[in-house]
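Novice: Quick one, what's the 3D model for this:
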Amino acid sequence: MTNSLLFFSLSVFTGFFAIMNPIANTPIFLGLVEGKDKLAKKRIAKYATITAFIIVVAFIIIGKYIFQLFGITIPAFKITGGIIIFYVGFEMLVSKKSEIHGQSRIAQDEDIATSPLAIPILAGPGTIVTAMNSVTDASYLHIGIVVAIFGLMVYLTYLAFTLSDYIIKIFGMNLITVVAKIMGLILAIMGTGMIIEGIKLAFNLQ
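Specialist: A predicted model of the protein is given here:
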């Protein structure tokens, strides 16, 4: 029993880490919060990770019913999420900054934290599907383990985001800019991949 729970925990952690990878997402975070002060960055990191945690836990507990209630299909979810991720990646790649007029600085920070950071970067289709797959026909104990492990991943992501200033000092802004552009390209490619996967699922293509 203990060994099976350990194996289950490791497999869930590996799945979440592959999808969320806090280290890989740090340059994305830095690109989105460029020009913000340290306090604003911490506020955005906190808001984004908490929002992502709430969204994914909601899907872990009642995700199947949410999909059924609104008639949402996995292919449609993947295609829509892929389009959003591609758009974010493209903007990062060409260094285009979205301007939000008529809002306070805190409102702007919350907008960035909610989208694209919380969803779809942290709580995107891949993360949600991974979470939901982990709790299919699972016991309450297994569901609790999945929630706890996702909470750990969220905390690690928060630490990576809040330590981003130190990462800049170590590696330099020029390198971070280059990495951010590369991550933008990777995000765009990931978005395209999600769209293709969604289309394949929708039309039963191999």
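Novice: and the longest helix for this structure?
Specialist: helix 38-70 (DSSP state H).
Novice: Give me the buried stretch members for it, please.
Specialist: 40-45, 47-49, 51-53, 55-57, 59-60, 63, 67 (16 or more other CB atoms under 10 Å). For glycine as for every other residue, the C-beta is placed from the backbone atoms N, C-alpha and C.
Novice: Likewise for stretch 17-26?
Specialist: Of all the residues in stretch 17-26, those buried under the rule 16+ other CB under 10 Å are 19, 20, 22, 25, 26.
Novice: What average pLDDT does it get?
Specialist: Mean pLDDT, stretch 17-26: 77.
Novice: could you dump that stretch to PDB, C-alpha only?
Specialist: Below are the C-alpha coordinates for stretch 17-26, written out as PDB (Å, rounded to 0.1, in the frame of the first residue of the first chain):
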ATOM      1  CA  PHE A  17       6.600  19.200 -13.100                       C
ATOM      2  CA  ALA A  18       6.800  18.400 -16.800                       C
ATOM      3  CA  ILE A  19       3.800  20.600 -17.500                       C
ATOM      4  CA  MET A  20       4.400  23.500 -15.100                       C
ATOM      5  CA  ASN A  21       8.300  23.500 -14.800                       C
ATOM      6  CA  PRO A  22       8.900  26.500 -12.500                       C
ATOM      7  CA  ILE A  23      12.400  27.000 -13.900                       C
ATOM      8  CA  ALA A  24      11.200  27.100 -17.500                       C
ATOM      9  CA  ASN A  25       8.300  29.400 -16.700                       C
ATOM     10  CA  THR A  26      10.500  32.000 -14.800                       C
END
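Novice: Perfect, that will be all.
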